[in-house]
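Asks: take a look and give me a structure for this.
(chains A and B)
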Amino acid sequence: MKKLLILLLLALNIFFSTNLAFAGEAKPLAEDPVLEARLKAMSQELRCLVCQNTTLADSSAPLAEDLRKEIREQLRAGKTDKEVIDYLVARYGDFVRYRPPLKASTVLLWLGPFALLLIGGFGLFLQLRRRQTMAGDAPLTEEEVRKVRELLNK
Amino acid sequence: MNRMAKFLIPLALFLIAVGFLFKGLFLDPHEVPSPLVGKPAPVFQAPILGEVGKTFNSADMKGQVWLLNVWASWCGACRDEHPVLMDMAKTGQIATYGLDYKDTDAEAQAVLAANGNPYKKVATDADGKIGINYGVYGVPETYIIDKAGVIRYKQIGPITDEILFTKIVPLLKELQR
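Replies: Coordinates of the predicted model:
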């Protein structure tokens, strides 16, 4: 009977210790909610380079995990958001950002749609104006007026 | 004239669009140009594969042109690239060093024992931190670093014979002058 009790205690002990191990694994998230919120906000603005159409926040690629870890460590070391993003851009290029900065090589990207809109608008304006003058350019001659009356009075 | 323009303008626009799309066929979106080319290579210290207790220091490489090949035993494309690296090592044209990325020493050593070792030394990067510092996002990747320690070329994906002869060999000749 005593043996059984000891066995039971041992089993309970193992059960609780494994439970504790699991609790330990999830700890970093609860440790600093402010930092985790910053990490989350930042990783939603950053691209995972392995699966290029996913953010760093959504990607489960090993590299994305490593990068999140790297960002977390750098934030914990007291770096600002901008410093961490600059660190990544220096290594992976502007491509790592979902919002590329406005500079010489990205001017077309930022202003291209507006330029197309202007060109399209100008084209439409010309077309409409031409149509207006076309309609005004062809008044009926007296002969035509007479014919119309004739037809209508028939 | 007007009728001609009506026909020619859309045709011209169409041809321009075709031109862009055609060019797009030959662009690989997975090849992100590295901003590190032209910048000093990040300095790192790392344990050397198979030499317990010894450390590789990239700062010691100053004064020579060297090649850093990032690879791993789990990486399939690295196996395709391996014969090219072996050929390069045989010619002795360049000091080839490896960076074993997110790998276990035992598995990496097994691969080198089975297929041959093209590297003078292999530094290990078990947690991938050196990789991040070098902007690695997929293996294999290869860096050519000049005598002053500046990255002069980055190859994303395996080195093929074509890339070796058209890009790497001419660059090495220029750098080693």
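Asks: how many neighbours does the residue nearest to residue B:139 when sequence neighbours are not counted have?
Replies: Leaving aside its sequence neighbours, residue B:139 sits nearest to residue B:75 (CB to CB, 6 or more residues apart in numbering or on different chains; 4.6 Å). Heads up, the C-betas are built off the backbone N, CA and C, glycines and all. Residue B:75: 19 surrounding residues under other CB atoms under 10 Å in any protein chain shown.
Asks: next one: residue B:75, what pLDDT does it get?
Replies: As predicted, residue B:75 sits at a pLDDT of 93.
Asks: give the contact list for residue 71.
Replies: Unless you meant another one, I'm taking chain A. By CB atoms under 8 Å, 6 or more residues apart in numbering or on different chains, the contact list for residue A:71 reads A:39, A:42-43, A:84, A:88.
Asks: actually it's chain B I care about, not the one you picked
Replies: Counted by CB under 8 Å, 6+ apart, residue B:71 has contacts B:78, B:81, B:98-101, B:139-140.
Asks: compare the residues you listed and tell me which has the most neighbours.
Replies: Tallying neighbours with other CB under 10 Å puts residue B:99 at the head of these, with 30 neighbours.
Asks: and that residue, which of the three is it?
Replies: strand (DSSP: H, G, I helix; E, B strand; the rest coil).
Asks: have a look at the chain and report its longest helix.
Replies: All of this refers to chain A. In chain A, taking DSSP state H as the definition, the longest helix is helix A:107-137.
Asks: was after chain B, sorry
Replies: As assigned by DSSP H, the longest helix anywhere in chain B is helix B:2-25.
Asks: that one near chain A anywhere?
Replies: No. Judged by CB under 8 Å from any CB of the partner chain, helix B:2-25 stays clear of chain A, getting no closer than 10.0 Å.
Asks: could you list the buried residues of that helix?
Replies: Of the residues in helix B:2-25, none count as buried by neighbour count, 16 or more other CB atoms under 10 Å in any protein chain shown.
Asks: distance from it to the middle of the chain?
Replies: 38 Å (CA atoms, centre = their mean, to the nearest Å).
Asks: list the contacts of the helix or strand following that helix.
Replies: Next along the chain after helix B:2-25, taking DSSP states H and E as the criterion, comes strand B:45-48. By CB under 8 Å, 6+ apart, the residues outside strand B:45-48 that reach it are B:54-58, B:99, B:121-125, B:130.
Asks: repeat that with 10 Å
Replies: With contacts defined as CB atoms under 10 Å, 6 or more residues apart in numbering or on different chains, strand B:45-48 is touched by B:53-60, B:97-100, B:105, B:121-126, B:129-130.
Asks: up against chain A, what does chain B have?
Replies: B:29-30, B:32-36, B:39, B:42, B:102, B:127-129, B:131-138 (CB under 10 Å from any CB of the partner chain).
Asks: recalculate using a threshold of 7 Å.
Replies: B:29, B:32-36, B:128, B:132-133, B:135, B:137-138 (CB under 7 Å from any CB of the partner chain).
Asks: in PyMOL, how would I select just the buried ones from those residues?
Replies: Remark: buried members of the residues of chain B next to chain A, expressed as a PyMOL selection using 16+ other CB under 10 Å:
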select buried, chain B and resi 32+34+35+36+128+132+133+135+137+138
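Asks: what two of the residues of chain B next to chain A are the furthest from one another?
Replies: B:29 and B:133 (23.9 Å; CB to CB).
Asks: hmm, back to that, residues of the longest helix of chain A that come out buried?
Replies: Buried-residue list, helix A:107-137, by 16+ other CB under 10 Å: empty.
Asks: what helices and strands are in contact with the next helix or strand after that helix?
Replies: Following helix A:107-137 in sequence order, the next helix or strand is helix A:142-153 (DSSP H and E). Using 3 or more CB pairs under 7 Å, 6 or more residues apart in numbering or on different chains; DSSP states H and E, no helix or strand is in contact with helix A:142-153.
Asks: flag the shaky bits of chain A, pLDDT-wise.
Replies: A:1-30, A:135-137 (pLDDT under 70).
Asks: can you tell me which residues in it are near chain B?
Replies: So chain A meets chain B at A:49-50, A:52, A:63, A:66-67, A:70, A:90-93, A:95 (CB under 7 Å from any CB).
Asks: JSON lines for the residues of chain B next to chain A, including pLDDT?
Replies: JSON lines is the format used below for these (pLDDT from 0 to 100):
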{"residue": "B:29", "pLDDT": "75"}
{"residue": "B:32", "pLDDT": "76"}
{"residue": "B:33", "pLDDT": "77"}
{"residue": "B:34", "pLDDT": "82"}
{"residue": "B:35", "pLDDT": "88"}
{"residue": "B:36", "pLDDT": "91"}
{"residue": "B:128", "pLDDT": "92"}
{"residue": "B:132", "pLDDT": "94"}
{"residue": "B:133", "pLDDT": "94"}
{"residue": "B:135", "pLDDT": "93"}
{"residue": "B:137", "pLDDT": "89"}
{"residue": "B:138", "pLDDT": "85"}
